[in-house]
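S.K.: one predicted model, sequence on top.
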Amino acid sequence: MKLLCLIPARKNSKRLKNKNLKLLKNLPLINHTINLASKIKDFEKIVVSTDSKKILDMKKKFKNIIFLKRPAKFSSSNSPMKNVIKHAVNSLNINKAKCGGIVILQPTSPLRKLKTIIKAIKIFKKRKPDYLTTVKKLKHNEYPHMIISTKKKNNFSKKFYFKVNKKNKLNFYSLDGGVIFILNIKNKTYELKGKGEFLRINFPETIDIDYKEDFDLAKKFI
């Protein structure tokens, strides 16, 4: 099963200006994700979807990466990821019969590990869910507003789910911000719907850069 890797990187960001190009360990933030994705043999294509001219110009350096210009209508802060995915799939004429899934690697998770991506892909290939996403365990003083029962596989909350451990205590987990998302190509809505699989990861891999504080924290652990 071959996979398409999609790296979404728009130029504008509300909370941290031009965060995808901010230097982290002497490299633009997006470079960390591109370099990591380039090591995955399962990726038939690696696509960077962006409306940034500076990022588009990186195609001179990364010869084996596809840099796809994203239309303005799909580049606002309110643009759903499903529209970004559809634009990439349609623009590249992806053969849905041969492509098993789409792996979303957001540049804002520079501490994701190679072994985590490989493990997620292995689970996805084996179990063939509608989607797979990484999650983090919530702290004891955090309580989710929405949950999903493990008995109802199709009843997914976008933010939280739970499982019951042997002591009948509830362990709560949340989406980690976007370390890894894998969507089955048959999942035509390109959303977290249907049968899901979850892979737990831990700090500092869970760091998601949204604010300056997140960026400063990533600098300490990179």
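M.R.: Perfect, thanks for sending it. Just so it is clear, the structure is predicted and the values come from calculations on it, not from any experiment.
S.K.: report the next helix or strand after the lowest-mean-pLDDT helix or strand in the chain in sequence order.
M.R.: Every helix and strand in the chain was compared by mean pLDDT, DSSP states H and E; the lowest is strand 160-164, with a mean of 47. For strand 160-164, the succeeding helix or strand toward the C-terminus, using DSSP states H and E, is strand 170-175.
S.K.: just how off-centre is that following strand within its chain?
M.R.: Distance of strand 170-175 from its chain centroid, counting by Cα atoms, centre = their mean, to the nearest Å, is 18 Å.
S.K.: stretch 41-50 now?
M.R.: That offset, for stretch 41-50, works out to 13 Å (Cα atoms, centre = their mean).
S.K.: mind listing what's buried in that stretch?
M.R.: With burial defined by 16 or more other Cβ atoms under 10 Å, the residues of stretch 41-50 counted as buried are Asp42, Phe43, Lys45, Ile46, Val47, Val48, Ser49, Thr50. Every residue, glycine included, has its C-beta placed from N, CA and C.
S.K.: and those, which of them are in helices?
M.R.: Using DSSP state H, no member of the buried residues of stretch 41-50 sits in helices.
S.K.: can you tell me which of the residues you listed is nearest Asn12?
M.R.: Thr50 (10.8 Å; Cβ to Cβ).
S.K.: partner residues bridging the closest one?
M.R.: Lys69 (DSSP bridges).
S.K.: ok, Ile209 - contacts?
M.R.: By Cβ atoms under 8 Å, 6 or more residues apart in numbering, the contact list for Ile209 reads Leu16, Lys19, Leu29, Thr108, Ser109, Pro110, Phe215, Ala218.
S.K.: if we use 6 Å, what do you get?
M.R.: Counting by Cβ atoms under 6 Å, 6 or more residues apart in numbering, Ile209 touches Lys19, Thr108, Phe215, Ala218.
S.K.: please report how far the first one lies from Phe43.
M.R.: When Cβ to Cβ, to the nearest Å is applied, the distance between Lys19 and Phe43 equals 24 Å.
S.K.: helices and strands around the lengthiest helix in the chain, which ones?
M.R.: If you go by DSSP H, the chain has its longest helix at helix 114-127. Helices and strands touching helix 114-127, by 3 or more Cβ pairs under 6 Å, 6 or more residues apart in numbering; DSSP states H and E, are strand 196-200.
S.K.: who's in contact with the helix or strand just after the strand it packs on?
M.R.: Sequence order places helix 212-221 as the next helix or strand after strand 196-200, per DSSP H and E. Identification of contacts with helix 212-221 by Cβ under 6 Å, 6+ apart yields Leu16, Pro110, Leu111, Pro204, Ile207, Ile209.
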